[in-house]
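Participant: Provide a 3D model corresponding to the input given below.
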Amino acid sequence: QVQLVESGGGLVQAGGSLRLSCAASGRTSGSYEMGWFRQTPGKEREFVASITSRGDSTYYADSVKGRFTISRDNAKNTVFVQMNSLKPEDTAVYYCAAGPSAQSMGTIYPWVQYWGKGTLVTVSS
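Facilitator: Model prediction:
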């Protein structure tokens, strides 16, 4: 079992930045590929970004490319997403995800085995 705990959400003005963190714990948590998804009320959860277990490949949704950067610190079992140039449409609950394939997370059938409980990001205009 792997536990994921997100932090770093909050209220920010449009154009601002936030960095979300996801701390993973549990057996072999460091071997999982990790990702971020987001969800707004009435909409399906959508892929944001993902990273391989060694951090050598990253994947992004088109809507965040060039503005968000995903990274991980395997020594601390933590994954981050740095979010810059935030827009009101980035407002959502952001969820951390762990699974066997970072690449699959950006597909129509993301392979996710564990989810965090989410952290709310609100971007004001």
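
Participant: So which residues of the protein form strands?
Facilitator: 2-7, 10-13, 18-26, 33-39, 46-51, 58-60, 68-73, 78-83, 92-99, 114-115, 119-124 (DSSP state E).

Participant: Summarise which helices and strands the fifth one is packed against.
Facilitator: Translated: strand 46-51. strand 33-39, strand 58-60, strand 68-73, strand 78-83 (3 or more Cβ pairs under 8 Å, 6 or more residues apart in numbering; DSSP states H and E). C-beta here means a position set from N, CA and C on the backbone, and glycine is covered the same way.

Participant: For the residue nearest the centre of the chain, which residues are in contact?
Facilitator: With distances taken as Cα atoms, centre = their mean, residue 36 lies nearest the centre of the chain, 2.0 Å away. For residue 36, the contact set (Cβ atoms under 8 Å, 6 or more residues apart in numbering) comprises 20, 22, 48, 49, 50, 70, 79, 81, 94, 95, 96, 97.

Participant: burial measure for residue 17, as a count.
Facilitator: 11 (other Cβ atoms under 10 Å).

Participant: Skipping its backbone neighbours, what lies nearest it in space?
Facilitator: Of all residues not flanking residue 17 in the chain, residue 84 sits nearest, at 4.7 Å (Cβ to Cβ, 6 or more residues apart in numbering).

Participant: Measure how buried the one you found is and give me the count.
Facilitator: 14.

Participant: With residue 80 instead?
Facilitator: 18.

Participant: Let me know the pLDDT of it.
Facilitator: For residue 80, the model assigns a pLDDT of 98.
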